[in-house]
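1. Would you be able to build a 3D model of this:
(chains A and B)
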There are 2 protein chains.
Amino acid sequence: MENFAFYNPVKILFGKGQIANIGAEIPSDAKILITYGGGSIKSNGVYEQVKAALAGRNFLEFGGIEANPHLETLLKAVELIRAEGIDFLLAVGGGSVVDGTKFIAAAVPFEGDPWDICAKQAPLKAAIPFGAVLTLPATGSEMNTASVVTKWETQEKLFFASPLVFPKFSVLDPETTYSLPIRQVSNGIVDAYVHVMEQYLTYPANAPLQDRMAESILKTLIEEGPKVLADLHNYEARANVMWCATMALNGLIGVGVPQDWATHMIGHELTALHGIDHAQTLAIVLPNTLTVRRDRKRQKLLQYADRVWGLVDGTEDLRIDQAISKTREFFESVGVPTHLSDYGVGLDVIPKIIDRFEKRGFVALGENQDVTPKVVEKILVLCA
Amino acid sequence: MENFAFYNPVKILFGKGQIANIGAEIPSDAKILITYGGGSIKSNGVYEQVKAALAGRNFLEFGGIEANPHLETLLKAVELIRAEGIDFLLAVGGGSVVDGTKFIAAAVPFEGDPWDICAKQAPLKAAIPFGAVLTLPATGSEMNTASVVTKWETQEKLFFASPLVFPKFSVLDPETTYSLPIRQVSNGIVDAYVHVMEQYLTYPANAPLQDRMAESILKTLIEEGPKVLADLHNYEARANVMWCATMALNGLIGVGVPQDWATHMIGHELTALHGIDHAQTLAIVLPNTLTVRRDRKRQKLLQYADRVWGLVDGTEDLRIDQAISKTREFFESVGVPTHLSDYGVGLDVIPKIIDRFEKRGFVALGENQDVTPKVVEKILVLCA
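-> You can find the predicted model right below:
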């Protein structure tokens, strides 16, 4: 096991009716800004629950945060907050709203161009405190320090992370997910699955507890994901998928082990260039990442084949092939296609992505830092 | 899954050499009291590492905190802290030192008789901040809110818990465990194992991720525990057991599921009356708890038999018998005897324990609140 530091002070309020308890988590004299997305919270009852929980409190609203939240939109919230003297944010929505709110929280006290927070990884000195009411289990943003923001003007999708943007609390009420569009449910399952794979499917680091915990999440997603899709009001399955998605990316399964994240870096470019949903890009890229990099991932691929998919017969190469096929089939079975062609995108995207990586001074990705632009190209060719 | 709240802000610094980093975790102007036990930290190099990390800082020492820390000893530290204006504690040792330091931290600002914190579960308003350098993986105290203190005068061993006594940080350096007496290594493995069982072996609550995470810890202890005992300087095995012990009782595997803890409550009395080590009492009581309460624990016993011990053949009752036997054999195999007679204790202890429970107004324990004094008696008879 590698040395590590672990710290995660996010308070989780999980279960039916927990939105009613947010008042106690927000300082009583706070001037609050509720941030949200396209307005689904107004049709599914979540907005009403939040308003009831904040009755008598001082709050304003800021809606319209997009999927893959746009810098341009978030900066409008920053302006509003500065003008109104807001001192607490409440993100109500999915990972994009939470990610966007993290950026807003960091940008308000930031001196200089806020895009530098992502583009130059500019160090942060402060952030406005915020909480979250999560309505879409997927990104894990509700219990981590990471945020991904898209600069629309230049079609760049970039990342920042800081312990200053841990949510103070996150409410996870599985009932709020009942009304999600199926596509978002499917995406959430794949997103959580690939988050685990990025931290698990690398090389052995003699960290058997972390391995087994990662496998626990994968097996639970494989078991519970289809139950959600078969019965959209299955509370227990919704609850289990929701908790899996949070546990997939709150830092815990990744302590003391190598991590990959090449699939994410490649996927981000597909979203930035073609607007393919984040999870869809992961479903496209991951199986081919595993295929192209199977030699250096060999031992973990065999462990994954055995423990997650029960594949123990046949040659090593056969079991690895089968495990990769099973992974792809799982993504397809929950409704996420795994080929670029399924999204109307051709291989002409490849030189554009390579070019973008090279322009950003990119050398190599992955747990062994061996995913060069040439390897990215090999992976993307298989994504056709 | 049941509703839950989860919050754990303890910062973990894990691995070789991490003691050197504690200076940055303690406010620079703090007046520090280092608390420790019988002095083993002075012979194994840990004390020197701590002193080096605090070079130039303002600190005093308080040694002599016993296993099952005595109220009488801890109150001396409280006096010293009040007299010296200490404002940060650093516990260096095992679970008893950490538990004792939690009590000290809570008792210093407490108005009234500090024993009320345990005896009357008196509410706390404040506690002195503290960090920990853990040298004995076992209790999980380094990453939770709980503390158990013994009042020597009355032979009472009682518990308190409060979010105010979360350590600010805990250092887990597996190398500090190399010089532990074998008995403490063995005890630590059993202690962590039973902590998991108290949260896992109850009844199904449709919480498959929590179940699998609990099983992950059990399987890792079964695998790694014997490796530590076979080679006391096996860093990787030490690290894995250490992380298991912390994860076993930091709250995470217990979210949203029923919990038992009857084995602990019975075990505490054996320690209080006969001084049997905490983990030894658990090894004595747990197999018989499972035997006596097998009907209501039936479904989880079968799951445990299958997933942890690979027992899938034969009747249900046979598999349950085998799983309980395997559990007992595991405890014995890591060097912890499982019968009262192994510790020179006879069945005359039973009426004393029942009497103590009844005097404390005890009605029933366990996840179904059905472990009455009569059931406790049945369990203890089997412990002979």
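
2. measure the residue at minimal distance from the centre of chain A to chain B for me?
-> Ranked by distance to the mean C-alpha position of chain A (CA atoms, centre = their mean), the top residue is residue A:139 at 2.5 Å. Distance check for residue A:139 against chain B: by CB to the nearest CB, to the nearest Å, it reads 17 Å. Any C-beta I mention is one placed from the backbone N, CA and C, and that applies to glycine too.

3. Counting neighbours, which bits of the top strand by length along chain A end up buried?
-> As far as residue count goes, and with DSSP state E defining each element, the longest strand of chain A is strand A:4-14. Buried positions in strand A:4-14, judged by neighbour count with 16 or more other CB atoms under 10 Å in any protein chain shown: A:4, A:6, A:8-14.

4. export that strand as CSV, just CAs?
-> This file holds the C-alpha atoms of strand A:4-14, laid out as CSV (Å, rounded to 0.1, in the frame of the first residue of the first chain):
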residue,chain,number,x,y,z
PHE,A,4,-1.8,8.4,1.8
ALA,A,5,-3.7,11.2,3.4
PHE,A,6,-7.5,10.9,3.7
TYR,A,7,-9.8,13.7,4.8
ASN,A,8,-13.5,14.0,4.0
PRO,A,9,-15.6,16.2,6.3
VAL,A,10,-18.8,16.2,4.2
LYS,A,11,-21.9,15.4,6.3
ILE,A,12,-24.2,13.1,4.5
LEU,A,13,-28.0,13.1,5.2
PHE,A,14,-29.3,10.1,3.5
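
5. as a whole number, average confidence for that strand?
-> The average of the pLDDT scores along strand A:4-14 is 98.

6. and that strand, what does it pack onto?
-> Packing partners of strand A:4-14 (3 or more CB pairs under 8 Å, 6 or more residues apart in numbering or on different chains; DSSP states H and E): strand A:169-172, helix A:235-248, strand B:4-14.

7. Between the ones you listed, which one is closest to residue A:159.
-> Comparing those by their distance to residue A:159 (CB to CB), the top pick is helix A:235-248, with 16.9 Å.

8. Heading C-terminal from the closest one, find the next helix or strand.
-> Using DSSP states H and E, the helix or strand that follows helix A:235-248 towards the C-terminus is helix A:262-274.

9. chain center to that following helix, what's the gap?
-> A distance of 13 Å separates the C-alpha centroid of helix A:262-274 from that of its chain, computed with CA atoms, centre = their mean, to the nearest Å.

10. got the helices and strands packed on strand A:4-14 as CSV, with distance to residue B:40 columns?
-> CSV is the format used below for the helices and strands packed on strand A:4-14 (distance: least, CB to CB, whole Å):
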stretch, distance to residue B:40
strand A:169-172, 41
helix A:235-248, 37
strand B:4-14, 21
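
11. and of those, who's closest to residue A:105?
-> strand A:169-172 (13.8 Å).

12. quick check: mean pLDDT across the closest one?
-> With pLDDT averaged residue by residue, strand A:169-172 scores 98.

13. do the same with stretch A:138-151
-> Model confidence over stretch A:138-151 averages 95 on the pLDDT scale.

14. how about the residues of chain A that lie near chain B?
-> Contacts of chain A with chain B, taken as CB under 8 Å from any CB of the partner chain, map to A:1-18, A:206-209, A:212-213, A:215-217, A:219-220, A:223-224, A:236, A:239-240, A:243-244, A:247, A:252, A:255-256.

15. ok, of these, which come out buried?
-> A:1, A:4, A:6, A:8-15, A:18, A:206-209, A:212-213, A:215-217, A:219-220, A:223-224, A:236, A:239-240, A:243-244, A:247, A:252, A:255-256.

16. Point out the other helices and strands that the lengthiest helix in chain A packs with.
-> Secondary structure of chain A per DSSP state H: the longest helix is helix A:208-230. Contacts defined by 3+ CB pairs under 8 Å, 6+ apart place helix A:208-230 against helix A:182-200, helix A:235-248, helix A:298-307, helix B:208-230, helix B:235-248.

17. That one to helix A:182-200, inter-axis angle?
-> For helix A:208-230 against helix A:182-200, the angle between stretch directions is 170 degrees (axes from the mean of the first three to the mean of the last three CA atoms, to 10 degrees).

18. tilt between helix A:208-230 and helix A:235-248?
-> Inter-element angle recorded for helix A:208-230 and helix A:235-248: 140 degrees (by the same axes, to 10 degrees).

19. Contact partners for residue A:20?
-> Remark: with contacts taken as CB atoms under 8 Å, 6 or more residues apart in numbering or on different chains, residue A:20 is in contact with A:49, A:52-53.

20. do the same with residue A:225
-> Shown here is residue A:225, whose contacts under the criterion CB under 8 Å, 6+ apart are A:189, A:241, A:334.

21. can you pull the contacts of residue A:284?
-> Contacts of residue A:284 by CB under 8 Å, 6+ apart are A:267, A:270, A:276, A:337-340, A:343, A:383.

22. at 6 Å what do you get?
-> Listed by CB atoms under 6 Å, 6 or more residues apart in numbering or on different chains, the contact partners of residue A:284 are A:338, A:340, A:383.

23. Quick check: pLDDT value at the first one.
-> The pLDDT attached to residue A:338 in the predicted structure is 98.

24. Where does it sit: helix, strand or coil?
-> coil (DSSP: H, G, I helix; E, B strand; the rest coil).

25. How many residues are close by it?
-> Taking other CB atoms under 10 Å in any protein chain shown as the criterion, the count of residues near residue A:338 is 21.

26. One more: the second one?
-> Other residues lying near residue A:340 total 23 when counted by other CB under 10 Å.

27. so it touches residue A:383, yeah?
-> Yes - counting by CB atoms under 6 Å, residue A:340 touches residue A:383, with 4.8 Å between them.

28. could you list every residue that touches the closest residue to chain B within the stretch 251-384 of chain A?
-> Checking the stretch 251-384 of chain A residue by residue against chain B with CB to the nearest CB singles out residue A:256 as nearest, at 6.6 Å. When the contact criterion is CB under 6 Å, 6+ apart, the partners of residue A:256 are A:1-2, A:4, A:207.

29. Which element, helix or strand, includes residue A:114?
-> Element membership of residue A:114 [criterion: DSSP H and E] is none; it lies in no helix or strand.

30. Since that was my last question, I'll sign off now.
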